[in-house]
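Participant: Quick check, what structure comes out for this input:
(chains A, B and C)
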Amino acid sequence: MFQIRIHGRGGQGVVTAAELLSVAAFIEDQHAQAFPSFGSERMGAPVVSFCRIDSKEIRLREPVLEPDALIVQDATLFKAVDVFHGLKDGGYLLVNTNKSFGELHLDSVVAKLPAGHIVTVPATELALKHIGRPVPNAALLGAFAALTGTVRLDSVAKAIHEAFPGKIGDANVAAATEAHNAVAAARVRTAA
Amino acid sequence: MLKQIEGSYAMAEAIALCRPEVVCAYPITPQTHIVEGIGELVREGKLARCEFINVESEFAALSVAIGASAAGARAYTATSSQGLLFMAEAVYNAAGLGLPIVMTLGNRAIGAPINIWNDHSDAMSMRDAGWMQLFAETNQEAVDLHIQAFRLAEELSMPVMVCVDGFILTHAVERIEIPSQEDVDAFLPPYDPVQVLDPREPVSIGAMVGPDAFTEVRFLQHYKQQQALSLLPKFAAEYEARFGRAAGGLLRTYKADDAELLVVAMGSVNGTIKDTIDEMRAESIKIGLVTLVSYRPFPTAALRAALANAKDVVVIEKSFAVGIGGQLANNVDQALRNMTVAPRVHSVVAGLGGRPITRAALHRVFRQAVIQPWEATHFLDLNERIVAAEIHRTRKKRRSGPTAENILKRLASESSFVPAE
Amino acid sequence: MNEITQKLKFYQKGTHTVGNRLVSERDRSVQASIDRSNALTCGHRACQGCGEALGARYAIDAAMRATNDNIIAVNATGCLEVFTTPYPETSWQVPWMHSLFGNAAAVASGVAAAMRVKNRSEVRAIAQAGDGGTTDIGFQCLSGMFERNDDVLYICYDNEGYMNTGVQRSSATPPAARTATTPAVGAEPGNVFGTGKSLPKIAMAHGIPYVATATVADLLDLERKVAKAMSIHGARYIHIHVPCPLGWGSASHDTIRLARLAVESGFFPMFEAEWGKLTASRKIRRKVPVEEYLKLQRRFAHLFKNGRTDPRVARLQAICDRNIEEYDLMPAAVEP
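Facilitator: This next block holds a predicted model:
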């Protein structure tokens, strides 16, 4: 079972991201479970959502306490909540930022994670470029597909199109694709 | 059709497949997505011949359903928590009048202190109202139970509450099979009321009944609900034959055959318990599970048989009655009454107001039940230090202020999170 | 052959008396017809002189005639429910249902919805309740039914208190009236002078298609208003003033007289409104001071103790005068 925890702020599509990820896994005939952290609805408040992916039925109903991967949609959250709580050794970290991990003062944390398991993506900028609104979730899912290989980009694209038909879907898929390709290229460089 | 879909919307689709004729809605978290989903299906014309009525309170929601049902329409509503309490008078009334209304209860805690998260306090508050109460373990089962609920309600002319854990199920997106209209139509015949308001054949419904007949009316309500003890397994079997999927019935067991320790629970926590049991079985601990689907009627005989060979029974429940303890544990005790050799019953109250029930905590409490059994109710993951501090504080000072606020203040001041640098 | 032993009285046309043989057949009361439906048939257990029993019988029979017997009645808890249906008997010849005290309007909405979805819109829903079930505990459901404009005629039988439970105060109890919870003791005996609560005006504020007030002193008018209400679809409200000999401490034979004095004093204004606008009011024929109305009722006896008139009677008169002005109840002066 692969468990993902997504941190963001109300209005960034944190819950939608987990749902889209679960749909992408479903498209690949996996079992998936997405659920929010169940707070009151407030713009800007820290929000968490969860996704589990497995090849068999998922029965577990506890929150994701020991994630295999973290997606952080807003880098200011590192100062507000314990984002890394329970992150597994060998886990993945994907952060939406145009800064480096060093600039975010996260060097000591990322040093514990395997090389190639950590990546930053300027997802908000990609969202503004393709969608015209600062909603980073689609781009992050594209990047997540490239980073972990848990789901494929075309499944992510299909999930986005199902949820957002038409132009909005196209724009989100474009953002996801660019983020995916950037991360994939970076991974090739790391491997080389 | 297999879908990756939110539990609430899957339930909305399942309810629509049951062709309800009057749906009454009043919003309360976490039930909202269910009625929103049905409302959308009505507006889009996908659910034809259905009146969707936005009312001004839960009391009115169930009252409209009562009127519609008595006039011969298949009626549905949904609520949670405070909403169920606000409609309480009508909850008893619908049952007393024998109206086969189906209601989804998105299980949520009851205030004060106000809390929107999941537990079973709301369902327990109406456990004696005369409704049948079925608890769904998964969203798939929530879908399946609704279809069975209409059949059961109308067969007995008695209302059914389908209890679904708020947020944990209602807001979870997962893989769910939505049945076909043909299959549902074949399983669920059109509503044929046993009593109906019709000018062609006038009857009076809801007359005053005095001491001369009230006991008999009440007894027959009990008798009728007992019929469900045989109907539920029958419908579940029929359902499985048609839909190829087991759902409903009175109770289910998991790795129970040779189990010395048996867990009893209702609702979504059963999934986490199964995973925990698998882990403990790997350590050769003989542990199993009894999942109760039907809480009302209470399957006393079936439960007694299921628990008969265990040494210890741990009841995990998301509710308790202040002043006495867990309601489910009390009912389990009753099922074991007068057994020659009865298992020991250990009561655990867990998951109140949305506190996660984790595998780690379950491991601890299951082990403790055997090694170090307890008599009174055990509160899982209770922060004893905070509780002791608050008791101490209130003893010291008469005007100690509101307890909930005091505890929150203390928790905030003790927060240990320091951002990484 | 039986002798007619009852002495028949013949009234002049225009006195609004039941079964008036002098009016044309078309204008006669539903009760004068051999085809009357007897919706609320004899044998019920209402008190002698019960205004509510009389009002309900006329209202429901009129509704039956107007709909070709296609009505379903929903009843709130209260006197009418209790005296008509002690199990296993029922006085109702219509499909009738009692659910709870406070939900008659909502249950009727459900009945109307069921009829709509079953393509039986010719079957009409009527909700009936006392003043407690309407102005107090049933107020929220009633407002919801109005606001949605559900196809329900809601009839309030206003006897100005909780009579079924032993004459307690409701929000429709008049100021100064003695009830079990507003006893005639202390410096200000009887009910308080609050702001009052006019349900007909509240109904009008919802802008519903039809609102009317009526009285058991004018049963032809009551029947006409019910018939009119049944000719309209949507939410309709009729508020009927029904004297209660038990609760008011009045003589059983004074029920009609009291109902008439309430109108003639301006204490109970009779009017109709459509879509929130006042369309008609019933003029006072012979204006009487409010004392004439009050003095027949023991619930107001403390206002006239020891041959003195309590100054609060003037305040009650002021309420009547305000009604007369607001609803334009005085006939236009006739030129000499």
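Participant: can you tell me which residues contact whichever residue of chain B sits closest to chain C?
Facilitator: Among residues of chain B, the one nearest chain C by CB to the nearest CB turns out to be B:Gly67. It sits 2.5 Å away. Every residue, glycine included, has its C-beta placed from N, CA and C. Applying CB atoms under 8 Å, 6 or more residues apart in numbering or on different chains to B:Gly67 gives the contacts C:74, C:97, C:99, C:106-114, C:125.
Participant: out of those, who's nearest C:Lys295?
Facilitator: Proximity of the contacts of B:Gly67 to C:Lys295 was ranked by CB to CB; the top entry is C:Val74 with 37.6 Å.
Participant: follow-up on the earlier one: out of the contacts of B:Gly67, list just those in helices.
Facilitator: Cross-referencing the contacts of B:Gly67 with the helices (criterion: DSSP state H) gives C:106-114 as the overlap.
Participant: contacts with chain B among these, please.
Facilitator: For chain B, the contacts drawn from the ones in helices among the contacts of B:Gly67 by CB under 8 Å from any CB of the partner chain are C:106-114.
Participant: Let's have the residues you listed in CSV, adding neighbour count.
Facilitator: As requested, these are exported to CSV (neighbours: other CB atoms under 10 Å in any protein chain shown):
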residue, neighbour count
C:Ala106, 36
C:Val107, 36
C:Ala108, 36
C:Ser109, 33
C:Gly110, 36
C:Val111, 35
C:Ala112, 33
C:Ala113, 30
C:Ala114, 28
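Participant: Excluding chain neighbours, what is closest to the residue of chain B closest to chain C?
Facilitator: Of all residues not flanking B:Gly67 in the chain, C:Gly110 sits nearest, at 2.5 Å (CB to CB, 6 or more residues apart in numbering or on different chains).
Participant: Tell me which residues touch the one you found, please.
Facilitator: Under the criterion of CB under 8 Å, 6+ apart, the contact partners of C:Gly110 comprise B:22, B:24, B:63-71, B:73, B:75.
Participant: Let's see that with 7 Å instead.
Facilitator: Contacts were defined as CB atoms under 7 Å, 6 or more residues apart in numbering or on different chains; by that measure C:Gly110 touches B:22, B:63-68, B:71.
Participant: next one: B:Val194
Facilitator: For B:Val194, the contacting residues are B:Ser157, by CB under 7 Å, 6+ apart.
Participant: can you rerun that using 10 Å?
Facilitator: B:Val194 makes contacts with B:98-100, B:154-157, as judged by CB atoms under 10 Å, 6 or more residues apart in numbering or on different chains.
Participant: Closest to C:Thr90 out of the residues you listed?
Facilitator: The shortest approach to C:Thr90 among the contacts of B:Val194 belongs to B:Gly98, at 17.2 Å (CB to CB).
Participant: Which pLDDT does the model give the closest residue to that closest one other than its chain neighbours?
Facilitator: Residue nearest to B:Gly98 in three dimensions, not counting chain neighbours: B:Ser157, with 4.6 Å by CB to CB, 6+ apart. In the prediction, the pLDDT value recorded for B:Ser157 is 98.
Participant: List phi and psi for the spatially most central residue of chain A.
Facilitator: Central residue of chain A (CA atoms, centre = their mean): A:Ile71, 3.9 Å from the mean position. Here is the backbone geometry of A:Ile71 (degrees, to the nearest 10): phi -110, psi 120.
Participant: Just list whatever residues bridge to it.
Facilitator: Going by DSSP bridges, A:Ile71 is paired in beta bridges with A:Ile6, A:Leu94.
Participant: Show me where chain C has its strands.
Facilitator: Assigned by DSSP state E, the strands in chain C fall at C:71-75, C:96-98, C:124-130, C:152-158, C:210-215, C:236-241, C:271-274, C:277-281.
Participant: one step back: how about the ones in helices among the contacts of B:Gly67 in CSV, adding pLDDT and distance to A:His117?
Facilitator: What follows is the ones in helices among the contacts of B:Gly67, written out as CSV (pLDDT from 0 to 100; distance: CB to CB, whole Å):
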residue, pLDDT, distance to A:His117
C:Ala106, 98, 59
C:Val107, 98, 62
C:Ala108, 98, 65
C:Ser109, 98, 60
C:Gly110, 98, 59
C:Val111, 98, 64
C:Ala112, 98, 63
C:Ala113, 98, 58
C:Ala114, 98, 61
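Participant: tell me the helices in the chain, going along the chain?
Facilitator: In the absence of a named chain, this looks at chain A. Counting by DSSP H, the helices of chain A are A:14-27, A:107-110, A:123-130, A:137-148, A:153-163, A:167-191.
Participant: To clarify, I was referring to chain C.
Facilitator: Using DSSP H, the helices of chain C run over C:51-66, C:79-84, C:104-117, C:131, C:139-148, C:199-205, C:219-230, C:245-248, C:255-264, C:290-294, C:312-326.
Participant: Let me know which of those is tucked in deepest.
Facilitator: Comparing these by mean neighbour count (mean count of other CB atoms under 10 Å in any protein chain shown), helix C:104-117 ranks first with a mean of 31.
Participant: how about B:Ile110, what does it touch?
Facilitator: Residues in contact with B:Ile110 (CB under 10 Å, 6+ apart) are B:80-82, B:84-85, B:119-122, B:124-125, B:319, B:353.
Participant: Specify the local secondary structure of B:Tyr191.
Facilitator: coil (DSSP: H, G, I helix; E, B strand; the rest coil).
Participant: residues in contact with it?
Facilitator: When contacts are counted by CB under 10 Å, 6+ apart, B:Tyr191 touches B:18-21, B:69, B:72-75, B:100, B:150, B:153-154.
Participant: Among those residues, which one is most surrounded by other residues?
Facilitator: B:Ser69 (35 neighbours; other CB atoms under 10 Å in any protein chain shown).
Participant: one step back: who wins for proximity to chain A among the strands of chain C?
Facilitator: When the strands of chain C are compared for distance to chain A using CB to the nearest CB, the nearest one is strand C:152-158, at 35.7 Å.
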